[in-house]
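**Student:** quick check, what structure comes out for this input:
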Amino acid sequence: MLKIGKKAPDFNLLSGDGKKYSLKDFAGRKLVLYFYPRDNTSGCTEEARSFENNRGAMKKNGAIVVGVSTDSADSHAKFASKYGLTFPLLSDEKKSVVKVFGVWKEKSMYGKKYFGVERTTVVIDEKGIIRHIFHRVKVEGHADEVLNVLKKEK
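**Tutor:** Below you'll find the predicted structure:
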């Protein structure tokens with residue numbers, strides 16, 4: 001389980017733009033690492049567009065936005081292109097990172113149980129330390145919540 005004040009787990013994942021990213025690639029900058037269930041679903045699209053719309057303000061507050069889901073890099077490329085997303089979307093098809101970050105959870109829909117990504121955002125500081133965790137994120141207003149946290153920590 002992730003804990004505020006502890007070092008964030010490292011990762012090495014492929015993005016929709018074909019680049020590999022690890023935690024150390026963001027050293028010296030704050031990282032807003034958000035985990036979402038699926039590309040091209042209504043909630044995930046709304047969340048991604050909201051982060052995109054707030055990307056400039058987050059950058060002013062020293063942060064980079066990065067999304068992670070278990071979709072393929074190809075799916076991410078199409079999703080980013082369709083909605084004009086300019087931040088990296090990382091592919092965790094093997095589910096290793098979502099498990100290490102503790103966001104791979106048993107879920108239930110219409111009485112059916114299954115495993116999937118629990119919408120979660122982790123704010124990591126310039127030294128790789130976890131500063132804030134948003135569990136069970138509600139999409140509406142979430143990017144503003146994250147921005148408010150970044151402003152307070154500036």
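**Student:** go through this protein and flag its longest helix.
**Tutor:** Counting by DSSP state H, the longest helix found in the chain is helix 42-60.
**Student:** show me the helices in this protein, by range?
**Tutor:** 42-60, 73-83, 96-100, 142-152.
**Student:** next, format those as TSV and append distance to Ser108.
**Tutor:** The way it works is simple: take the backbone N, C-alpha and C, and place the C-beta from them, glycine included. Converted to TSV, these look like this (distance: least, CB to CB, whole Å):
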stretch	distance to Ser108
helix 42-60	16
helix 73-83	24
helix 96-100	18
helix 142-152	22
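**Student:** mean confidence for the longest helix of the chain?
**Tutor:** The average pLDDT within helix 42-60 is 96.
**Student:** cool, and stretch 106-122?
**Tutor:** Mean predicted confidence for stretch 106-122 is 91.
**Student:** buried set for it?
**Tutor:** 116-122 (16 or more other CB atoms under 10 Å).
**Student:** and Gly18, what does it touch?
**Tutor:** 73, 77 (CB atoms under 8 Å, 6 or more residues apart in numbering).
**Student:** pLDDT score assigned to Lys154?
**Tutor:** Lys154 is given a pLDDT of 67.
**Student:** could you do Phe134 as well?
**Tutor:** 96.
**Student:** that one contacts Leu147, doesn't it?
**Tutor:** No - using CB atoms under 8 Å, Phe134 is not in contact with Leu147; the gap is 12.0 Å.
**Student:** residue contacts, the nearest residue to Tyr34 once chain neighbours are set aside?
**Tutor:** Spatial nearest neighbour of Tyr34, excluding adjacent residues (CB to CB, 6 or more residues apart in numbering): Thr121 at 4.2 Å. Thr121 makes contact with 32-35, 133-134, 137, 142, 146, according to CB under 8 Å, 6+ apart.
**Student:** ok, back up a step: kindly calculate the angle that the longest helix of the chain makes with helix 73-83.
**Tutor:** Relative orientation of helix 42-60 versus helix 73-83 (axes from the mean of the first three to the mean of the last three CA atoms, to 10 degrees): 80 degrees.
**Student:** which residues sit against helix 42-60?
**Tutor:** Contacts of helix 42-60 (CB under 8 Å, 6+ apart): 32, 34, 36-38, 64-65, 67, 69, 79, 83-87, 89, 119, 137, 139-140, 142-144, 146-147, 150.
**Student:** all set, thanks.
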